[in-house]
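Undergrad: Dropping the sequence and predicted coords here.
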Amino acid sequence: MGFPAFFAQAPRIQVRDDLADLLGAADGGLIEYSYADAVRLAGHSCPTVAGAWLMLRAALRALYPDGPAERGAITVTMSEAEAEGTTGVMAQVFTLVTGAAAANGFHGIGGRYKRRGLLHYASNERGAIASLRRNDSGETVNVAMDLSSVPPAPEMRMLMGQALSPAASDADRAALGAVWQERVRRLLLEHADDPRVIIVHRRS
């Protein structure tokens, strides 16, 4: 597929989806997502997409320590408005794996399996990028990330300027891509379980 090799090494997330089970889409309803799936959705790989992936993984592990998370049974609330910064991009990654959707989501079958109305925005939760709640128990976690210990390369700004120039060569664009993805690689492979980078707080 032409993806960087490290995509295949990034942590994967398994969930169980009762709707997929009901309709025969996946054996036992088990679905495993990879970072490449998030990249396909977003159309690019960047620290925001990678950070959203890792925050989601950490939140689901905290909410479901004994097994796969229940897709379609989780409410996601983003702290900022949908159009604010990268909120929408991260929310799409959360939706991919949790199934939580806003007003355009699946309306359910026979009063069950509803995904519509499980994604919300602008909670203004301080110190968090998003919160995820188990709808069965009400257990909730806040997630955030701090990328200060995974900074961009010093030459990033220069390479970006060169790659965006009308006179940019293939070599210029390749140089930017290599340095850009190296930061993503470090985040996904070296800091996936770093509590200083991927922050989870359980709400009482």
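TA: Ah, there it is.
Undergrad: mind listing what's buried in stretch 175-183?
TA: 175-176, 179-181, 183 (16 or more other CB atoms under 10 Å). C-beta coordinates here come from the backbone N, C-alpha and C atoms, glycine included.
Undergrad: Next: stretch 31-40.
TA: Going by neighbour count (16+ other CB under 10 Å), the buried part of stretch 31-40 is 31, 33-39.
Undergrad: what's the answer for stretch 124-142, then?
TA: 125, 128-134, 140-142.
Undergrad: try stretch 59-73
TA: Result for stretch 59-73 [16+ other CB under 10 Å]: buried residues 59-60, 62-64, 68-73.
Undergrad: So which of these belong to strands?
TA: Among the buried residues of stretch 59-73, the ones falling in strands (DSSP state E) are 69-71.
Undergrad: what comes into contact with stretch 63-78?
TA: 13-20, 30-31, 60, 87, 90-91, 94-95, 97-100, 113-115, 118-123, 125, 129-136, 139, 141 (CB atoms under 8 Å, 6 or more residues apart in numbering).
Undergrad: re the thing from before, from the ones in strands among the buried residues of stretch 59-73, which single one is nearest Gly24?
TA: Nearest to Gly24, judged by CB to CB, of those is Arg71 at 15.6 Å.
Undergrad: Show me what that closest one is bridged to.
TA: Listed by DSSP bridges, the beta-bridge partners for Arg71 are Asp17.
Undergrad: circling back: give me the subset of the buried residues of stretch 124-142 lying in helices.
TA: Using DSSP state H, the subset of the buried residues of stretch 124-142 located in helices is empty.
Undergrad: Let's have the residues you listed in a markdown table, adding pLDDT and distance to Pro4.
TA: Formatted as a markdown table, those follow (pLDDT from 0 to 100; distance: CB to CB, whole Å):
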| residue | pLDDT | distance to Pro4 |
| --- | --- | --- |
| Glu125 | 91 | 33 |
| Ala128 | 96 | 30 |
| Ile129 | 98 | 25 |
| Ala130 | 98 | 26 |
| Ser131 | 98 | 31 |
| Leu132 | 98 | 28 |
| Arg133 | 98 | 34 |
| Arg134 | 98 | 34 |
| Thr140 | 98 | 34 |
| Val141 | 98 | 30 |
| Asn142 | 98 | 31 |
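Undergrad: distance of the residue nearest to Asn104 when sequence neighbours are not counted from Ala38?
TA: Counting by CB to CB, 6 or more residues apart in numbering, Asn104 lies nearest to Arg116, which is 7.4 Å off, once chain neighbours are set aside. Taking CB to CB, to the nearest Å as the measure, Arg116 and Ala38 are separated by 22 Å.
Undergrad: and what of His191?
TA: Using CB to CB, we find His191 at a distance of 16 Å from Ala38.
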